[in-house]
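> Give me coordinates for this.
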Amino acid sequence: MRKLLYVIIKNKQTLKIIEQSKAKYQKVVDNMKEGMIILNSKGKVVFINQSASKILGIPINKIGFYIFDIVDDENTLLLKSELSKRNAGRTSEYRIEYKHPELARISHKPARTLH
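Numbering: from 1, shown residues only. I've put the predicted structure just below:
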């Protein structure tokens with residue numbers, strides 16, 4: 001019983017540390033000037049920060065769309081090729097253009113994948 005109680009207390013302490021860390025990094029991401037978009041392996045947007053929302057003219061609450069919805073056919077082909085490389089664990093550098101709903105095109109060089 002004592003061992004179980006120790007494990008429960010330790011797990012609660014660990015969860016508290018994780019929550020504090022999560023809040024700290026969330027604040028950094030929310031306040032950075034650079035746009036940040038996180039895609040799943042199929043190109044679905046699972047996260048977009050405030051800066052990316054402003055840059056691209058896409059509301060934050062619109063996550064869940066596919067990145068291909070905001071690029072032209074040429075950039076869709078490029079993105080699909082690059083996603084397949086990343087899904088295979090390879091990195092590369094490339095530049096894509098997004099369609100902004102009110103402006104012309106926005107050129108962007110994505111950051112490397114974090115593994």
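
> Please enumerate residues in contact with stretch 45-57?
Residues from elsewhere that reach stretch 45-57 (Cβ atoms under 8 Å, 6 or more residues apart in numbering): 29-30, 32-40, 58-60, 62-67, 70, 98, 100-103, 106. Bear in mind the C-beta positions are built from the backbone N, C-alpha and C, glycine included.

> Are any of these buried, and if so which?
The neighbour count (16 or more other Cβ atoms under 10 Å) marks 35, 37, 39, 58, 67, 70, 98 as buried among the contacts of stretch 45-57.

> out of those residues, which one sits closest to Lys3?
Nearest to Lys3 among the buried ones among the contacts of stretch 45-57, counting by Cβ to Cβ, is Leu39 at 43.0 Å.

> just so I have it, where are all the helices in the protein?
2-31, 50-56, 73-87 (DSSP state H).

> and those as TSV, adding distance to Glu93 and mean pLDDT?
Output for those, formatted as TSV (distance: least, Cβ to Cβ, whole Å; pLDDT from 0 to 100):
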stretch	distance to Glu93	mean pLDDT
helix 2-31	22	83
helix 50-56	19	89
helix 73-87	9	92
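
> Now tabulate these in JSON lines and tack on distance to Lys44.
Output for the helices of the chain, formatted as JSON lines (distance: least, Cβ to Cβ, whole Å):
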{"stretch": "helix 2-31", "distance to Lys44": "19"}
{"stretch": "helix 50-56", "distance to Lys44": "15"}
{"stretch": "helix 73-87", "distance to Lys44": "10"}
